[in-house]
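Show me how the following folds:
(one chain, ligands or ions: 1)
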Amino acid sequence: MELVFREKPTANQWWDWRWQWEHAAHTLEEAAAYLGVSPEKWGHCRRGESAYPLFVTPYYLSLAESPSLDDPILRQCIPSDAEVDCQEGGEADALSEEACSPVPRLVHRYPDRALLVTGNLCALHCRHCMRKRDWGRAMAPLSQGELTQVVEYLRAHPQVREVLVSGGDPLMLPEANLRMIIQALSSVASVEILRFGSRVPCALPQRITPRLAAILASGKPAWLACHFNHPRELTREVQAACDILNRAGVCLVNQSVLLKGVNDDPETLGRLFTSLLRFHVKPYYLFHGDPIQGAMHFRTGLEKGLQIMDQLRGRISGLALPAFAFDLPKGAGKIRLQPEQCLGKDENGAPLFRSWQGNVLPYPQGCGRD
Ligand SMILES: *Cc1c(COP(=O)(O)O)cnc(C)c1O
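Numbers count the residues shown, from 1 in each chain. Okay, here's the model as predicted:
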């Protein structure tokens, strides 16, 4: 929707990430002013805001279709009192990341990959954030000393083939800092690929410049996991950002979170997943919401995700289908879930399957029988 500006930006300003950053809303008042609504209407968001502050660029706000708080864009960026009121069962660190951290900033849970937390600065405060526990903390960007420790750990653990560079958002780091991190990680012979996790392509696509893309591609082969949750987030600004990254040789995948009232229906997710392919982004994961304090009201239940995946299979390109997954408590790891398609055996012992159209058919065995 058209935003209300004190001074309307020029096209050049709109496409400049620094302008977006400097004009970001930090309070309910500022966000309401952009949307032309009276902040009194948002009285039921105040306690949510004081627990978890707001931060959103004009660009992301402009993706809303109306100033209603039910809008799928606004649900992802405007606080709600549900963030403090309906949080039973939620934990600050539901995935026990802190317990799986051998050296500061590194989470090493799976044998061949480790996750690096580079800072806590982001281009958007996602209301469903799984690291909300870090919002209130002062966290400096990764220092040279911490990086040295991380590199020493990686050298001593050559089974780590892949480093996930996350945050916060690594793409919000100063360029010199990002370059230093990429060089340090890439100097470890056993590290084969870098995977960046970022919401910048979605929340601040203007930040993706050829220069930034060249930095990302300057070390070991680079993959970037984006975070798009709704088809309305796929704009021409995003198209430009994805083109720049693709041209630089950065491979793109997407991780969505299944969010109540945002994308919890097959039509919305089907449109998101198929549209991502046009931008050369492969849908990788659809995550069920973790039981995170401050984000419990977004959870749908696993059954809902399975139903949606079942409604999408066969109907949209197999390339467009992500894996539906969730994380077990206490850092026990990810579980991928598939809708049940195998229905036992027929009278001849042949396994029975439910097709995408709902027909039940035996699969012939022949000499492949085991
Ligand atoms: C999700 C995650 C990974 C990556 O898992 P993939 O299945 O390879 O995407 C690695 N480390 C940690 C700590 C994770 O939470």
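
For the rest of this, base every contact and every neighbour count on C-alpha atoms.
Noted.

Tell me how far residue 103 lies from the ligand.
Using CA to the nearest ligand atom, to the nearest Å, residue 103 is found at 13 Å from the ligand.

Share the number of residues neighbouring that residue, please.
15 (other CA atoms under 10 Å).

Let me know the secondary structure of residue 194.
Under DSSP: H, G, I helix; E, B strand; the rest coil, the three-state class of residue 194 is strand.

Report the beta-bridge partners for it.
Beta-bridge pairing for residue 194 (DSSP bridges): residue 163, residue 222.

Distance check, it against residue 173.
Distance, residue 194 to residue 173, using CA to CA, to the nearest Å: 16 Å.

Compare those two (neighbour count), which wins?
The residue with more neighbours, out of residue 194 and residue 173, is residue 194; 23 against 19, by other CA under 10 Å.

per-residue confidence at the more buried one?
For residue 194, the pLDDT comes out at 98.

residue ranges of the strands in the chain, please?
Assigned by DSSP state E, the chain shows strands spanning 106-110, 113-117, 162-166, 193-197, 222-226, 251-258, 281-288, 323-328, 333-337, 342-345, 351-354, 360-362.

Show residues contacting the fifth one.
Contacts with strand 222-226, where a contact means CA atoms under 8 Å, 6 or more residues apart in numbering, come from 193-202, 216, 249-255.

Contact partners for the residue most central in space within the chain?
In the chain, the residue lying closest to the centroid (CA atoms, centre = their mean) is residue 227, at 3.3 Å. By CA under 8 Å, 6+ apart, the residues touching residue 227 are 197-199, 201-202, 254-256.

State the pair within these that is farthest apart.
The span of the contacts of residue 227, defined through CA to CA, is set by 201 and 256 at 13.2 Å.

Any residues of the chain in contact with the ligand? List them.
Contacts of the chain with the ligand, taken as CA under 6 Å from any ligand atom, map to 107-109, 113-115.

could you flag which of those residues are buried?
Among the residues of the chain next to the ligand, those classed as buried by 16 or more other CA atoms under 10 Å are 107-109, 113-115.

Could you check how far residue 323 is from residue 227?
Taken as CA to CA, the span from residue 323 to residue 227 is 14 Å.

for residue 127, same thing?
13 Å.

cool, and residue 363?
Relative to residue 227, and taking CA to CA, residue 363 is found at 38 Å.

quick one, helices of the stretch 1-150 of the chain?
For the stretch 1-150 of the chain, applying DSSP state H, counting those that start in this stretch gives helices covering 11-14, 17-22, 28-35, 46-51, 58-61, 72-77, 82-85, 144-156.

Let me have the ones you listed in a markdown table, extended by distance to residue 270, mean pLDDT and mean neighbour count.
What follows is the helices of the stretch 1-150 of the chain, written out as a markdown table (distance: least, CA to CA, whole Å; pLDDT from 0 to 100; neighbours: other CA atoms under 10 Å):
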| stretch | distance to residue 270 | mean pLDDT | mean neighbour count |
| --- | --- | --- | --- |
| helix 11-14 | 30 | 97 | 11 |
| helix 17-22 | 30 | 98 | 17 |
| helix 28-35 | 28 | 97 | 20 |
| helix 46-51 | 31 | 94 | 17 |
| helix 58-61 | 22 | 98 | 22 |
| helix 72-77 | 15 | 98 | 22 |
| helix 82-85 | 28 | 94 | 18 |
| helix 144-156 | 39 | 97 | 16 |
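
right, and these - which one's nearest residue 293?
Closest among the helices of the stretch 1-150 of the chain, using CA to CA: helix 82-85, at 7.6 Å.

Output the closest one in CSV with nothing but the alpha carbons.
Output in CSV follows, covering the C-alpha atoms of helix 82-85 (Å, rounded to 0.1, in the frame of the first residue of the first chain):
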residue,chain,number,x,y,z
ALA,A,82,0.0,-12.3,22.4
GLU,A,83,3.8,-12.3,22.5
VAL,A,84,3.6,-12.0,26.3
ASP,A,85,0.0,-13.3,27.0
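
Give me the residues contacting it.
Residues contacting helix 82-85 (CA under 8 Å, 6+ apart): 47-48, 51, 293-297.

quick one: low-confidence ranges for this structure?
368-370 (pLDDT under 70).

Let's see that with 90 instead.
Along the chain, the model assigns pLDDT under 90 to residues 43-44, 86-89, 92, 94-100, 133-142, 167-168, 364-370.

Check the burial of residue 345 by counting its neighbours.
Using other CA under 10 Å, residue 345 has 14 other residues around it.

so who does it touch?
Neighbouring residues of residue 345 by CA under 8 Å, 6+ apart: 351-352, 362.

what's the answer for residue 319, then?
Each residue near residue 319 by CA under 8 Å, 6+ apart is listed here: 277, 282-283.

now do residue 220
186, 191-194.

re earlier: looking at the contacts of residue 345, which is nearest residue 72?
Nearest to residue 72 among the contacts of residue 345: residue 352, at 39.5 Å, using CA to CA.

From residue 218, how far off is the residue lying closest to the closest one once chain neighbours are set aside?
Counting by CA to CA, 6 or more residues apart in numbering, the nearest residue to residue 352 once its immediate chain neighbours are dropped is residue 362, at 4.3 Å. To residue 218, residue 362 is 51 Å away according to CA to CA.

next one: residue 118
Remark: distance between residue 118 and residue 218 (CA to CA) = 18 Å.

Just want to know which of the two has more residues nearby.
A side-by-side neighbour count of residue 118 and residue 218, using other CA under 10 Å, places residue 118 first with 27 against 17.
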